[in-house]
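K.L.:
Provided below for reference: sequence and predicted model.
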Amino acid sequence: MNPDDPLLKILACPLDKGPLALLPDDDALYNPRLHRRYPIVDGIPQLLPASGEQVSEDEHERILKRMEQARRVLP
């Protein structure tokens, strides 16, 4: 999955129904509100509630920093 994929605009977190951010380095989608990461396996997002992984506060901060850096790089 790439950042320009139109599917990203309609995918939502199965728990809070909010938008998800793509983490291309991790091959995952991320919900920063709930600190949950959902894997992408063979190009298919795994969006069942049980598929999500809760991340620690430290990992959450690292992910937010990477997301901010990625935004600065994009034109």
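P.N.:
Structure's in. What do you need?
K.L.:
residues of the helix or strand of the chain with the lowest mean pLDDT that come out buried?
P.N.:
Using mean pLDDT, DSSP states H and E, helix 57-73 stands out as the lowest-scoring helix or strand of the chain, at a mean of 88. For helix 57-73, the neighbour count (16 or more other Cβ atoms under 10 Å) marks His60, Ile63, Arg66 as buried. C-beta: built from backbone N, CA, C; applies to glycine.
K.L.:
The spatially closest residue to Pro24 that is not a sequence neighbour in helix, strand or coil?
P.N.:
Nearest non-adjacent residue to Pro24, counting by Cβ to Cβ, 6 or more residues apart in numbering: Pro3, 6.9 Å away. Under DSSP: H, G, I helix; E, B strand; the rest coil, Pro3 falls in the coil class.
K.L.:
quick one: low-confidence parts of this structure?
P.N.:
73-75 (pLDDT under 70).
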